[in-house]
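1. sharing a sequence plus its predicted fold:
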Amino acid sequence: MGYFDLFSLKGQTALVTGGSSGIGAATVRVLSEAGANVVINYRGSEDAARKLRDQVRAAGGEAMDVQADVSKEDEVVAMFDSAEEALGPIDIVFSNAGLQADAAIGDMTFEDWRKTSSVILDGGFLVGREAIKRFRKKGMREDVSHALGKLVFDSSVHQRIPWAFHANYASAKGGLKLLMESLAQETASEKIRVNAVAPGAIATAINADARKTEEDRKAILDLIPYGRIGDPEDIGRVVAWLASDAADYITGQTIFVDGGMALYPGFKGNG
């Protein structure tokens, strides 16, 4: 196999949760460009998911969309069933769905806490568990990949960096880190690879309010040594690489895609 062949995902099927917008949608496009058939999961944005599906097909790829709330066990199982029925066995899963419900701790409701952790952490568990079960059922397909299956979680720099006024989000991402590492440790001997990407500041709808003014943008850029806010495609390209045979000896790792944010730039020059 040649060097560039290692990056190909041809003949494989990928499932992307929260795939209708932002990082998820960008990853759908990149995975498709790499040759994968792609399942686009969405919870409420049916129009966006179907528009993306049609774009992928128009570009010569294969895609389908499926509605599911990843925090609900029966819907996760049904999502995998629908995906396999339409596009065959799943080789790659990007567990990306997430949300924020920001508040100061004195104002944060239990519902704010629960709905954030239910999607990020409970959803990560349900999607990750089902992915591993489906990888095992599928069996090895050495003609398309050296691995039995590839599972990638969308974490955050805030699995490492505390985040005041976002305690629910940071706690869920911190838990996701150890979920990923524990699953990787448990399944590596089966040639299932489990990893995570940890985005920093990425230009998506979820943080649009924080980028409204030039002053807002400057405040964000002060936290990014590389000097730019990330694009969703920056994450999608790393996910595609982690899912490829080019990354076949990597498991249990978090790849920070953050322009250096996790380097604590406030300490540059002795802090």
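-> Great, that's in hand.
2. neighbours of the residue nearest to residue 154 when sequence neighbours are not counted, how many?
-> Leaving aside its chain neighbours, residue 154 sits nearest to residue 96 (4.1 Å; criterion: CB to CB, 6 or more residues apart in numbering). For every residue, glycine as well, the C-beta is placed using N, CA and C. Applying other CB atoms under 10 Å, we find 28 residues neighbouring residue 96.
3. equivalent analysis for residue 219, please.
-> 12.
4. what helix or strand is it on?
-> Per DSSP states H and E: residue 219 is located in helix 214-221.
5. quick one: the helices in the stretch 1-150 of the chain?
-> Here the stretch 1-150 of the chain has its helices, by DSSP state H, counting those that start in this stretch, at 22-33, 46-58, 73-87, 110-117, 123-138.
6. separation between the residue nearest to residue 154 and residue 42?
-> Using CB to CB, to the nearest Å, residue 96 is found at 11 Å from residue 42.
7. which neighbours do these two share?
-> Residues touching both residue 96 and residue 42 by CB atoms under 8 Å, 6 or more residues apart in numbering: 18, 19.
8. any idea how far the closest residue to residue 109 other than its chain neighbours lies from residue 137?
-> For residue 109, ignoring the flanking residues on the chain, the nearest one in space by CB to CB, 6+ apart is residue 103 at 7.4 Å. As judged by CB to CB, residue 103 and residue 137 stand 42 Å apart.
9. try residue 186
-> For residue 186 relative to residue 137 (CB to CB), the value is 17 Å.
10. now swap in residue 89 and tell me
-> Distance of residue 89 to residue 137, given as CB to CB: 8 Å.
11. who has more neighbours, those two?
-> In this view residue 89 and residue 137 are compared by other CB under 10 Å, and residue 89 has more residues nearby, 16 against 11.
12. who are the contact partners of the residue nearest to the more buried one when sequence neighbours are not counted?
-> Take residue 89 and drop its neighbours on the chain: the residue closest to it by CB to CB, 6+ apart is residue 138, 3.8 Å away. Residue 138 sits next to 89, 90, 91, 148, 149 when contact means CB under 8 Å, 6+ apart.
13. between those, which is closest to residue 205?
-> When those are compared for distance to residue 205 (CB to CB), residue 90 wins out at 27.2 Å.
14. that closest one contacts residue 82, correct?
-> No. Applying CB atoms under 8 Å as the test, residue 90 and residue 82 come out as separate, 11.1 Å apart.
15. higher neighbour count, those two?
-> With neighbours defined as other CB under 10 Å, residue 90 and residue 82 compare such that residue 90 has more, 24 against 17.
16. measure that one to residue 62 for me?
-> 14 Å.
17. residue 234 now?
-> 25 Å.
18. and the two? which has more neighbours close in?
-> More crowded of residue 234 and residue 62, by other CB under 10 Å: residue 234, with 20 against 16.
19. dump the residue contacts of residue 237.
-> Counting by CB under 8 Å, 6+ apart, residue 237 touches residue 30.
20. whoops, I mixed them up, residue 257
-> Counted by CB under 8 Å, 6+ apart, residue 257 has contacts 197, 198, 199, 200, 230, 234, 235, 238.
21. among these, name the ones in helices.
-> Residues of the contacts of residue 257 located in helices (DSSP state H): 234, 235, 238.
22. nearest to residue 5, of these?
-> Among those, residue 238 lies closest to residue 5 (CB to CB), at 19.2 Å.
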